[in-house]
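Sequence first, then the predicted structure:
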Amino acid sequence: MTVDEALAELAALEDPKARAVNERHGDPHGVNLTKLRALAKSIGTDQGLARELWASGDVAGQLLALLIGKPKPYSADELDTMLRSTRSDKAHDWLLNYMVAKSPHADALRTRWFDDADPQVRAAGWALTTRAVTKTDLDRDALLDQIESQMKDAAPKLQWAMNETLATIGIEDTSRRARAIGIGEDLQVLADYPVSKGCTSPFAPAWIAEMVRRREA
């Protein structure tokens, strides 16, 4: 399949109602994700097409690219460029989960992005830190110091990523759990976040308490 054919297929799947919903969540496209995944399955792995779709700048095309590509062929610089060119929260998250986190360059990119001037890029560094904090020898006290001083006033996506790191440290590290809970209680970040019945709040003290309760039950 050519890139023009793939984009034409995506255009045929465009649904104005889906676009209206998606745009409210930071995703300017109108393709149902179930149908998008079905199209990706019909195409199969195609690294060349994936690169062309990403370069098109079309958000649905970029999402499709992430489903038909593989992480290993991308260089660290390519992944860096891709992240900085995302126009969609979904593409940002899928790029991290499907490509960067599975890439041999994941740790190098985590370090590169961690203190980047762009809060969206820095959010990616923190998201990778959340994954790394239980697997590698990171300085958890330094991370908690930074969260304590910066999370309250961080941009939304960066704030969310830092909060995930805070909760992860609190859940996994019994020696630092009290401090993590204390930071969450002091900052009150996401304390009022609306949560459906039966779902766990992203407010770090509540999240930590619930995960610990489940493990000890």
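Yes, it's here. Predicted, not measured: the structure shown is a model, and the values here were computed from it.

In contact with residue 56, which residues?
Going by Cβ atoms under 8 Å, 6 or more residues apart in numbering, residue 56 touches 3, 7, 62. (C-beta placed from N, C-alpha, C; glycine too.)

For these, pick the one with the most neighbours.
Neighbour count (other Cβ atoms under 10 Å) singles out residue 62 as the most crowded of those, with 25 neighbours.

That residue and residue 7: what is the separation?
For residue 62, the distance to residue 7 (Cβ to Cβ, to the nearest Å) stands at 11 Å.

List the residues that are in contact with both of the two.
The contact sets of residue 62 and residue 7 overlap at 53, 56 (Cβ under 8 Å, 6+ apart).

rewinding a little: can you lay out the contacts of residue 56 as TSV showing distance to residue 42, secondary structure and pLDDT?
Output for those, formatted as TSV (distance: Cβ to Cβ, whole Å; DSSP: H, G, I helix; E, B strand; the rest coil; pLDDT from 0 to 100):
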residue	distance to residue 42	secondary structure	pLDDT
3	16	helix	95
7	15	helix	95
62	18	helix	96
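
and the strand or helix carrying residue 63, how far from the chain's centre?
If you go by DSSP states H and E, residue 63 is part of helix 59-68. From the chain centre to the centre of helix 59-68 is a distance of 15 Å (Cα atoms, centre = their mean, to the nearest Å).
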